[in-house]
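Asks: Give me a 3D structure for the following:
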Amino acid sequence: MQQLLDMLLGEPDKMLQDNTLLGSALVTDGGPALFFSPVVARPPGSPALEALPLMFYMPGIDGTGLAAYRQFPRLTRAFDLRCLIVPRTDRSSFKQLVDSVVALIKQELDWCDSGRPVYLMGESFGGIMCLALALKLGDYIDRLVLINPASSFQNSMWPSAGPMLAQLPPDVYKYLPFVLAPIMSNPISMAWNDIDDRAPLLQQGSDLLYGLIDLAPQLAALRLVLPPETLSHRLTLLKEGSQWITPRLKDVKQRVLVLAGEKDLLIPSKAEAERLGTALPRGRTRILTDRGHALLQEAGVDLVQLMEADGFYVPTRRLSSGRASTSASDGGGASFGLPRPIQLPTAKELELDSQGFVSVINRLTSPVFYSTTADGKIVRGLLGIPVHQGPILLIGNHQFFAGDMYPMIKQFITELGVLPRGLAHPVVFAGPDALAEAGRQGGMVQEERNRNKKDANAGAAQFGGLLTTYGAVPVSGKNMHKLLEQGEIVLLYPGGAREAFKRKGEAYKIMWPGKAEFVRMAAKFGATIVPFAAIGCDEAITTHLSGKELEQLTSMLPKLPFKLSLQQSEEDNKRLRSIPAARVGVNATMEDIEAFQSPGFFTPNIPQRTYFIFRQPIPTSADTARNRAVCKAVYNKVKAEVEDGLGYLLRMRQQDPYKDLLPRLLYEASWGGKRQAPSFTP
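Replies: Numbers count the residues shown, from 1 in each chain. Below you'll find the model as predicted:
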């Protein structure tokens, strides 16, 4: 009993120093923040630490690894782990602390940089730190794992209750960790970590009792690492950090996994995780049932297993061009939407991103892909495309509302292990308001009186985020130049938005500008041009009245005190003019703006199967770039190949026994959705 009282009320310094996982690092005093590597025995045959992804752990308000040390044995099998220690005497401001840790991480990467993935993992206050560090370090950081992040601090009771705790008398303050223990987590769950479920019940009961006793020094340790004056300062850091990061969440470009305990009683983690899942461009959320704030200490929680289940663990970097990463700075973890290499999604992430609307479209259209080898043979699949032989420029026809683009991107990732970099209309990057407006003017989004504007804009933001996650960058000569220079696979639709928003009688019509600039650009880098054609999406609707016909019809109607949804108002025209143009300078054209005008009156059709054919690759060279006549000839050849490809697909699909929706759905349903319906033989 006296030993237990000593654990509860005595000085825990000696017990902490005896902890083999954390050692004397916990009682480090004075000096700036620093990293340490936990000393954990690893199983025989484990890979060298230098071959594993690098993980930097950011602690909670205690500034130590106390809240996560039970995860260290498993983490060190999957990661080269570094844990941050913030001495209890450190009084840095939030900005100063972030800057000092940025310098520490860069220093670590300078001597151990080999192109391996770099993770940030943080719980509670450490979650705020991770978000701030990701913004500061950019492409040096690949992925973030946030556990009950304290970015919700301002919405909790702690801004008002926290300062009062720091003012408690010393004789009362030493009991504080034990009073808060049931709020931080379930003590039974924490004590259950070392219990063998297969042991006799009596043995399990005895082990549980000793497990609860063993919690005493861990809780008592909080008095050492978090004395009243340190608690007061850390509460200030929480306030500064949550206020600083909230308006900047949209700027965190890396992939983020947010884990939240459903029964976190300290802060509103469940609601905050759901908010972050929407606010972060590439945020993904998982709510852990019956888990509390200190969930990393609870029995049955395996952080690596949770990451693997969401496809969030990557042992190596896989870049968009298919080449290997050689340094942290070329990792592409934060380059989404920029003309730089980016990282491929994992198979699980591709599956999760394909759910919902994208999955429905994929099932209804069951896309089929063909390609042409260098010797002119047409084969099923994409193996005829020489994606690993330098820069590639894919040139094709834009179908209605670009409905076929995502299935094509997905096929390149799964079959070839590369991610084409689409040159997208600037409206994608102009924010959710502009993107939603483009959808409204194109007839694909309902009027605001029939649909909440906030919902429409949220959907537009998610769509824009999905495009950038899967390679899109703003269309411009400069961006195309940079991508080809870096050996990327570039996807260009010369017809642009005008070709995507087709009008009455324009199905499968090629609407390209007359200039051969894309040929000259490709030839400068010796890129291979691969023309392609696609059909199916242009038949998604039937247009009964063109925009002009509709305008003439509505002008004949008497003036009404309200606006019909078919009428284009001056306000509509004003918003239309706010949509950014894709072509500027000498390439400017009114067709770019006219693309978003009313498509007229149309009705949807039964979804058609989509077909793609990639034509014979066309090599280019620097000599091609210097000869305008040759460039024009190549341009004409590319255009002719696309038009011939359209004709080929329209003819050959008549031989597809499953071109119609019902037979195709029945066939694929009979295989439980695990086998695609066959198509024509080329």
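Asks: Which parts of the stretch 101-250 of the chain are helices?
Replies: For the stretch 101-250 of the chain, helices defined by DSSP state H, counting those that start in this stretch occupy the ranges 125-137, 158-166, 170-173, 176-184, 187-191, 201-225, 228-245.
Asks: Just give me the lowest mean pLDDT stretch among those helices.
Replies: Of all these, the minimum mean pLDDT falls on helix 187-191 (a mean of 48).
Asks: Return the per-residue confidence for Ala424.
Replies: pLDDT, Ala424: 90.
Asks: For it, list each beta-bridge partner.
Replies: Judged by DSSP bridges, the bridge partners of Ala424 are Pro474.
Asks: Touching, it and Leu467? I think so.
Replies: Yes - with contacts counted by C-beta atoms under 8 Å, Ala424 reaches Leu467, the gap being 5.9 Å. In short, each C-beta sits where N, CA and C put it, glycine included.
Asks: For Pro169, see how far away Ser242 is.
Replies: From Ser242 over to Pro169 the distance is 29 Å, taken as C-beta to C-beta, to the nearest Å.
Asks: Between those two, point out the one with more neighbours.
Replies: Ser242 (24 against 8; other C-beta atoms under 10 Å).
Asks: So Pro682 sits against Gly381, correct?
Replies: No - using C-beta under 8 Å, Pro682 is not in contact with Gly381; the gap is 10.6 Å.
Asks: Which stretches in the stretch 551-682 of the chain count as helices?
Replies: For the stretch 551-682 of the chain, the helices defined by DSSP H, counting those that start in this stretch occupy 570-577, 590-594, 622-626, 628-652, 661-670.
Asks: Can you give me the buried ones in the fourth one?
Replies: What it means is helix 628-652. For helix 628-652, burial by neighbour count (16 or more other C-beta atoms under 10 Å) applies to 630-631, 634-635, 638-639, 641-643, 645-646, 648-649, 652.
Asks: Point out the other helices and strands that it packs with.
Replies: Helix 628-652 is packed against strand 392-396, helix 517-524, strand 528-535, strand 611-614, helix 622-626, with contacts defined by 3 or more C-beta pairs under 8 Å, 6 or more residues apart in numbering; DSSP states H and E.
Asks: Let's see that with 10 Å instead.
Replies: Packed against helix 628-652 by the contact rule (3 or more C-beta pairs under 10 Å, 6 or more residues apart in numbering; DSSP states H and E) you find strand 368-372, strand 392-396, helix 517-524, strand 528-535, strand 611-614, helix 622-626.
Asks: Tell me how far the last one lies from the chain's centre.
Replies: Spelled out, that is helix 622-626. The chain centroid and the centroid of helix 622-626 are separated by 39 Å, computed with C-alpha atoms, centre = their mean, to the nearest Å.
Asks: same deal with the third one?
Replies: Its chain's C-alpha centre and that of helix 517-524 lie 32 Å apart, by C-alpha atoms, centre = their mean.
Asks: which secondary structure elements does that helix contact?
Replies: Packed against helix 517-524 by the contact rule (3+ C-beta pairs under 10 Å, 6+ apart) you find strand 392-396, helix 477-485, strand 489-492, strand 528-535, helix 622-626, helix 628-652.
Asks: could you dump the ones you listed to TSV with mean pLDDT and distance to Asp375?
Replies: Listed next are those as TSV, based on pLDDT from 0 to 100; distance: least, C-beta to C-beta, whole Å:
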stretch	mean pLDDT	distance to Asp375
strand 392-396	97	18
helix 477-485	96	25
strand 489-492	97	21
strand 528-535	98	15
helix 622-626	92	22
helix 628-652	97	16
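Asks: State the pLDDT value of the closest residue to Pro227 other than its chain neighbours.
Replies: Of all residues not flanking Pro227 in the chain, Arg88 sits nearest, at 6.3 Å (C-beta to C-beta, 6 or more residues apart in numbering). Looking at Arg88, its pLDDT is 86.
Asks: Next: Val358.
Replies: Looking at Val358, its pLDDT reads 80.
Asks: burial measure for it, as a count.
Replies: When neighbours are defined as other C-beta under 10 Å, Val358 has 14 of them.
Asks: do the one 5 residues further on as well
Replies: Around Arg363 sit 14 other residues, with neighbours defined as other C-beta under 10 Å.
Asks: does it really touch Arg664, like I thought?
Replies: Yes - when contacts are counted by C-beta atoms under 10 Å, Arg363 is listed as touching Arg664 (9.4 Å).
Asks: Mutual contacts of those two, please.
Replies: Pro607 (C-beta atoms under 10 Å, 6 or more residues apart in numbering).
Asks: gap between Glu641 and Ala622?
Replies: Taking C-beta to C-beta, one finds Glu641 at 22 Å from Ala622.
Asks: same check, this time on Pro558
Replies: Distance, Pro558 to Ala622, by C-beta to C-beta: 65 Å.
Asks: repeat for Leu338
Replies: Using C-beta to C-beta, one gets 27 Å for the distance from Leu338 to Ala622.
Asks: between those two, which one's more packed in?
Replies: Relative neighbour count places Leu338 above the other of Leu338 and Ala622, with 17 against 10, counting by other C-beta under 10 Å.
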